[in-house]
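>>> here's my sequence, what's the structure:
(one chain, ligands or ions: 1)
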Amino acid sequence: MHHLHSGLQRLLATTVFNLFQSELQCVKEELSSSARPLVELRGISKRYGELLANDAVDLAIRPGEIHALLGENGAGKSTLVKILYGVVEPSAGEIQWEGRPVTIASPVEARALGIGMVFQHFSLFDELTVAENIAVALSDDWTLDAVRARLGDISHSYGLALEADRAVWTLSAGERQRIEIVRCLLQGPRLLILDEPTSVLTPQEAEHLFLTLDKLSAEGVSILYISHKLEEVRRLCQTATILRAGKNVASIDPRAHSAREIAALMVGNEVGGVRSTAPHVPKGEMLTVDSLSLPTGSLHGVALSSIDLAAHAGEVVGIAGIAGNGQSELFAALSGERPTDRNDAIIIAGHPCGAAGIDARRRLGAAFVPEERLGHAAAPTHRLSENTLISHAAAEVSRSGFILLRAARRLARAIVQSFDVRMPEADPQARKLSGGNLQKFVIGREMIRNPAVLVVDQPTWGVDAGAARLIRQALVDLATAGSAVIVISQDLDELFEIADRMAVIHQGRLSPMKPVSEWTKESVGLEMLGVAENSGEAVHAL
Ligand SMILES: Nc1ncnc2c1ncn2[C@@H]1O[C@H](COP(=O)(O)OP(=O)(O)OP(=O)(O)O)[C@@H](O)[C@H]1O
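Numbering: from 1, shown residues only. So this is what the prediction gives:
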């Protein structure tokens, strides 16, 4: 009885507390919606040649508001935040900060106003410690001891656990991101800009980030949040501005709309799921990996240990895992960027080729799409037509060592058309494409060859919902047409949607490969953390 009584009391207390919290949230939002905007963009335009990347964009962010910036690939999101952070100069328009017109000519000026930005690609030195990394980015007034002390305070108050003296190379992507956030917080920002912050995080790390952002918002810090993940935007943001072809087409409360409705606003029509095909019937083995071990290639890489893998014609094989567990090493071993000593450790279409390089493997009918698009998959300052040569050199675009430019241009046009690549001009340099559009081009360049084996690392990283659907559909269709498709991805939803069989990579080892129907998100999660054997303890530890 006593238990029942105290249980009821607790329930009542929790209910009252929750009611109080939601009241508080409403009051806060009312106050915030009546408050003067912290920053207001008025008629911002940015012209690149013929293209208007931003077209008279108006946008206001209030104190404490978490404001999403949404739009499909190439809609102009990065351009707009680069203008706000002083990296790109607008062609027209005005920025007001607390009601005063300002010019933001550089990131230094942005930071002086109180704008902090957490980029998608971290800019950290691997060999330095957490505290040293933060200190080098701050002004000379900060001593290492002062950084250490403030780091402790901030880590504590925002739940951003970080050890000041750990070397950065030992940290996970989530921890690295915390460093970037703490670095911004040390400068007392009034507006924090985050560019796709959860793309490298595990679901647990992402949830943790949301709590930190909620806390910052409650303290009055405004947040501008770029993301392609609409469910997390609905969880986190009070306002969403939607850009389409450079224009602000809607400002909405994302909590009042379904993810489907928001996606429709972004693309101007409905986005569906991947069309289900008849179950794939795997045929002959097209890729065999036999007991592949590979020492680490770089100082902080991951060694591959006794990997066995088989992919058949007509199936999609998924490799799940948290970034940094050997995915890039596996990709390098499969593609031949890092050949192995044993030729029969890797067999493509019946030919042992472990010791062969990438070109020889391509000639066997294999194609490869690495994770890093600019610099690795595409040469930034070369035009798209020239970029076709990276994988098509031996085939249709060169003869006797000469490049057939007309053929290369024709091929680039075909890729652009079938993969809906949106470009600022005809045959632009790769660096001029938005991130998602370059991804579509690189995937298209490999798929248009109809490879017998396709290995792709993070196929939809940074692409919008519509483009992700297009790419996933193309991967499934390629398998249906008889290719063996190997997809390495951090996105579990993606693997559950398109893979026939799946395994998890953890610290360079591969779990058993099983049909997707035999996996649950939980069982994959446990393998990702490397605690699947003693799962009782693991669940407890989570
Ligand atoms: N330096 C540049 N020169 C020419 N055009 C550019 C340049 N930078 C961006 N663009 C063009 O501006 C448009 C908007 O690009 P932006 O990178 O802002 O899009 P985004 O919404 O951030 O896309 P994503 O989601 O793919 O990152 C695109 O058409 C892009 O090709």
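>>> distance of Gly314 from Ser483?
According to C-beta to C-beta, to the nearest Å, Gly314 and Ser483 sit 8 Å apart. The way it works is simple: take the backbone N, C-alpha and C, and place the C-beta from them, glycine included.
>>> what do you get for Ala218?
Counting by C-beta to C-beta - Ala218 and Ser483 are separated by 51 Å.
>>> more neighbours: the two, which one.
More crowded of Ala218 and Ser483, by other C-beta atoms under 10 Å: Ser483, with 25 against 12.
>>> my read: the more buried one touches Lys283, true?
No: contact criterion C-beta atoms under 8 Å: Ser483 and Lys283 do not qualify, at 10.6 Å.
>>> which neighbours do the two have in common?
Common contact partners of Ser483 and Lys283 (C-beta atoms under 8 Å, 6 or more residues apart in numbering): Ala313, Gly314.
>>> spell out which residues of this structure are next to the ligand.
Proximity of the chain to the ligand, by C-beta under 6 Å from any ligand atom, involves residues 48, 51, 53, 71, 73-79, 422, 424, 432-437, 462.
>>> which of those are buried?
Among these, those classed as buried by 16 or more other C-beta atoms under 10 Å are 51, 53, 71, 73-79, 422, 424, 432-437, 462.
>>> now, those that are in helices?
Residues of these located in helices (DSSP state H): Lys77, Ser78, Thr79, Gly435, Gly436, Asn437.
>>> with pLDDT added, can I get those in TSV?
Formatted as TSV, these follow (pLDDT from 0 to 100):
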residue	pLDDT
Lys77	94
Ser78	92
Thr79	95
Gly435	83
Gly436	85
Asn437	90
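>>> out of these, who's nearest Asn450?
Asn450 lies nearest to Asn437 out of these, by C-beta to C-beta, at 22.3 Å.
>>> need the strands for the stretch 101-250 of the chain, in chain order.
Listed in chain order, the strands of the stretch 101-250 of the chain (DSSP state E, counting those that start in this stretch) span 115-118, 191-195, 222-226, 239-244, 247-252.
>>> mind listing the strands the third one pairs with, and their directions?
By that I understand strand 222-226. The pairing partners recorded for strand 222-226 under DSSP bridges are strand 66-70 (parallel), strand 191-195 (parallel).
>>> specify the angle between that strand and strand 239-244 in degrees.
For strand 222-226 against strand 239-244, the angle by axes from the mean of the first three to the mean of the last three C-alpha atoms, to 10 degrees is 40 degrees.
>>> where does the prediction get shaky in the stretch 351-500 of the chain?
Within the stretch 351-500 of the chain, the stretches with pLDDT under 70 are 374-375, 392-403.
>>> could you identify the helix or strand that succeeds the helix or strand hosting Ile471?
Assessed by DSSP states H and E, Ile471 sits inside helix 465-480. Toward the C-terminus, helix 465-480 is succeeded by strand 484-488 as the next helix or strand (DSSP H and E).
>>> buried ones in whichever helix or strand comes after that next one, by neighbour count?
Proceeding N to C from strand 484-488, the next assigned helix or strand is helix 492-498, under DSSP H and E. Buried residues in helix 492-498, counting neighbours by 16+ other C-beta under 10 Å, are found at Leu492, Glu494, Leu495, Phe496, Glu497, Ile498.
>>> what do you get for stretch 254-267?
By neighbour count on 16+ other C-beta under 10 Å, the buried set for stretch 254-267 is Pro254, His257, Ala259, Ile262, Ala263, Ala264, Leu265, Met266, Val267.
>>> touching that stretch from outside, list them.
With C-beta under 8 Å, 6+ apart as the test, stretch 254-267 has contacts from 68, 70-72, 75, 230-231, 233-234, 237-240, 242, 244, 249-250, 252, 270-271, 464-466.
>>> could you give the average pLDDT over it?
Taken as a whole, stretch 254-267 has an average pLDDT of 86.
>>> mean neighbour count added to the strands of the stretch 101-250 of the chain, as CSV?
Output for the strands of the stretch 101-250 of the chain, formatted as CSV (neighbours: other C-beta atoms under 10 Å):
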stretch, mean neighbour count
strand 115-118, 23
strand 191-195, 24
strand 222-226, 23
strand 239-244, 22
strand 247-252, 17
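>>> which residue is nearest the middle of this structure?
For the chain, Ser199 is the residue whose C-alpha lies nearest the centre (C-alpha atoms, centre = their mean; 3.3 Å).
>>> might one say that that residue is in contact with Ala468?
No: counting by C-beta under 8 Å, Ser199 sits too far from Ala468 to count as a contact (12.0 Å).
>>> what about Thr296, neighbour count?
When neighbours are counted by other C-beta under 10 Å, Thr296 registers 13.
>>> what about it, distance to the ligand?
Separation of Thr296 from the ligand (C-beta to the nearest ligand atom, to the nearest Å) stands at 32 Å.
>>> look up phi and psi at that residue.
Phi and psi for Thr296, reported as degrees, to the nearest 10, are phi -60, psi 140.
>>> once you drop chain neighbours, what's closest to it?
Ala303 (4.9 Å; C-beta to C-beta, 6 or more residues apart in numbering).
>>> list the contacts for that neighbour?
By C-beta under 8 Å, 6+ apart, the neighbours of Ala303 are Ser293, Leu294, Pro295, Thr296, Gly326, Glu329, Gly508.
>>> what's the distance between it and the ligand?
Applying C-beta to the nearest ligand atom, the value for Ala303 to the ligand is 34 Å.
>>> could you look up the SS state of Ser306?
Using DSSP: H, G, I helix; E, B strand; the rest coil, the structure places Ser306 in strand.
>>> if I look at the spatially closest residue to Phe419 that is not a sequence neighbour, how far off is Ile488?
Excluding its sequence neighbours, the residue lying closest to Phe419 (C-beta to C-beta, 6+ apart) is Gly444, at 3.5 Å. The gap separating Gly444 from Ile488 is 19 Å, by C-beta to C-beta.
>>> more neighbours: which of these two?
Neighbour comparison, Gly444 and Ile488: the larger count goes to Ile488, with 25 against 22 (by other C-beta under 10 Å).
>>> can you redo the strands paired with strand 222-226 as CSV with mean pLDDT?
What follows is the strands paired with strand 222-226, written out as CSV (pLDDT from 0 to 100):
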stretch, mean pLDDT
strand 66-70, 96
strand 191-195, 94
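>>> figure out which of the ones you listed is closest to Gly116.
strand 191-195 (4.9 Å).
>>> looks like Gln96 contacts Ile104 (just checking).
No: Gln96 lies out of contact with Ile104 (C-beta under 8 Å); the separation is 11.2 Å.
>>> the two - which one has more neighbours?
Neighbour count, other C-beta under 10 Å: between Gln96 and Ile104, Ile104 has more, with 22 against 16.
>>> residues in contact with the nearest residue to that one once chain neighbours are set aside?
Closest residue in space to Ile104, ignoring its immediate chain neighbours: Gly86 at 4.1 Å, by C-beta to C-beta, 6+ apart. Applying C-beta under 8 Å, 6+ apart to Gly86 gives the contacts Ile104, Ala105, Ser106, Pro107, Val108, Glu109, Ala110.
>>> give me the pLDDT for Gly86.
pLDDT, Gly86: 95.
>>> how is this protein carved up into domains?
The record, using automatic domain parsing to delimit domains, assigns the chain the ranges 28-114+189-271, 121-188, 273-365+455-542, 371-450.
>>> TSV for the strands paired with strand 222-226, including distance to Ala333?
Formatted as TSV, the strands paired with strand 222-226 follow (distance: least, C-beta to C-beta, whole Å):
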stretch	distance to Ala333
strand 66-70	38
strand 191-195	31
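>>> return the alpha-carbon coordinates of stretch 450-466 using PDB.
Provided in PDB are the C-alpha atoms of stretch 450-466 (Å, rounded to 0.1, in the frame of the first residue of the first chain):
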ATOM      1  CA  ASN A 450      26.100  -1.100 -65.700                       C
ATOM      2  CA  PRO A 451      28.800  -2.700 -63.500                       C
ATOM      3  CA  ALA A 452      28.600  -6.300 -62.600                       C
ATOM      4  CA  VAL A 453      29.700  -5.400 -59.100                       C
ATOM      5  CA  LEU A 454      29.100  -2.000 -57.500                       C
ATOM      6  CA  VAL A 455      30.600  -1.000 -54.200                       C
ATOM      7  CA  VAL A 456      29.300   2.200 -52.800                       C
ATOM      8  CA  ASP A 457      30.300   3.900 -49.500                       C
ATOM      9  CA  GLN A 458      27.500   6.200 -47.900                       C
ATOM     10  CA  PRO A 459      25.500   6.500 -51.100                       C
ATOM     11  CA  THR A 460      23.000   9.200 -49.900                       C
ATOM     12  CA  TRP A 461      25.200  11.200 -47.500                       C
ATOM     13  CA  GLY A 462      24.000  14.800 -47.700                       C
ATOM     14  CA  VAL A 463      21.400  14.300 -50.400                       C
ATOM     15  CA  ASP A 464      17.800  15.400 -50.000                       C
ATOM     16  CA  ALA A 465      14.800  13.100 -49.600                       C
ATOM     17  CA  GLY A 466      13.900  13.100 -53.300                       C
END
